[in-house]
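*Asks:* structure of the sequence below:
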Amino acid sequence: MIRKILDDKPTKLFIFFTSFFVANALIAECIGSKLFSLESTLGLKPSSFSLFGQSGLSFNLTCGVLLWPLEFVMTDIINEFYGPKAVRRISYTAVGLISYAYLMFFMATKTAPSGAWILSNQKNGVPDMQSAFSGVFGQSMRIIIGSLVAFLVSQIVDVTIFHKIKRITGEKHVWLRATGSTIVSQLVDSYIVLFIAFSGTYSWQFILAVGMVNYTYKFIMAIVLTPLIYGIERAIEKYFGHELTHKMKQSAMGKDVPDVPIVAG
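*Replies:* You can find the predicted model right below:
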């Protein structure tokens, strides 16, 4: 039975996509607590501009945004070949496993540190390793909830818009449905997490300004990564073959097609 499953090309690819999707989302959540200066990282002088009455803004982003654009690329690819049900299932799986990871992080921060561990890290220049560990892995509950809700809602928005555009364009204009769905869903993602995490702590003007800064970066990345989607699609079509690729795309749209045969590879 397992040999039959692993010999099926669409199944093997789906397992890979699921693994990468979940791992990428989990890594993005883990590194998301660090803020970095995009301009300084690129060797540029930090900018200073105003939005919604907030001055002195620059492109200070969370490290998580480095990986989230790939998540939306994966969403569009899975949507194209496996359909919205597959995207929802993977998204629910990712949220469940990220929630489990956060629970384990919380439990780890509450354990009593070993004296030897503290001492060895003091020798390495970290005076309070327990506080450093808790600072990295102990994100606030509002940020965690905001991040998970934003991720799930934005995935649903992405799937819905992607298929609405595809019903109009058919299999043509991949760039339109991929980029269009990502641009809208990224906007939703940017503001849901900020409003849940920081409403009541910061003014709505500040939240709007920071959200727009984050969204500008995501918008640019959505455009930049569009050729990557075409490259991945061509690689998948070469892997599946034209006939199987056509059947899978039709099936992803909910159209009745003959059972897709198992294709070894």
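*Asks:* for residue 61, grab phi and psi.
*Replies:* Phi and psi for residue 61, reported as degrees, to the nearest 10, are phi -120, psi 160.
*Asks:* cool, and residue 57?
*Replies:* The phi/psi pair for residue 57 (degrees, to the nearest 10) reads phi -80, psi 150.
*Asks:* cool, and the one 3 residues further on?
*Replies:* With angles defined as degrees, to the nearest 10, residue 60 sits at phi -100, psi 110.
*Asks:* verify the stated contact: it with residue 41.
*Replies:* No: using C-beta atoms under 8 Å as the test, residue 60 is too far from residue 41 to be in contact (10.5 Å). All C-beta spots, glycine's among them, are computed from the backbone N, C-alpha and C.
*Asks:* more neighbours: these two, which one.
*Replies:* Neighbour count, other C-beta atoms under 10 Å: between residue 60 and residue 41, residue 60 has more, with 15 against 11.
*Asks:* now do the contacts for the more buried one.
*Replies:* Under the criterion of C-beta atoms under 8 Å, 6 or more residues apart in numbering, the neighbours of residue 60 are 35-38, 213.
*Asks:* pLDDT wise, what is it at?
*Replies:* Per-residue pLDDT puts residue 60 at 85.
*Asks:* where along the stretch 51-200 of the chain do the helices fall?
*Replies:* Per DSSP state H, counting those that start in this stretch, the stretch 51-200 of the chain carries helices over the ranges 68-82, 84-109, 115-123, 129-137, 141-169, 174-198.
*Asks:* for the fourth one, buried residues please.
*Replies:* Yep, that's helix 129-137 we're talking about. 129-130, 133-134, 137 (16 or more other C-beta atoms under 10 Å).
*Asks:* what does the third one give?
*Replies:* Judged by neighbour count (16+ other C-beta under 10 Å), helix 115-123 contains these buried residues: residue 121.
*Asks:* next: the fifth one.
*Replies:* By neighbour count, and taking 16+ other C-beta under 10 Å as the criterion, the buried residues in helix 141-169 are 143-144, 146-159, 161-163, 165-166.
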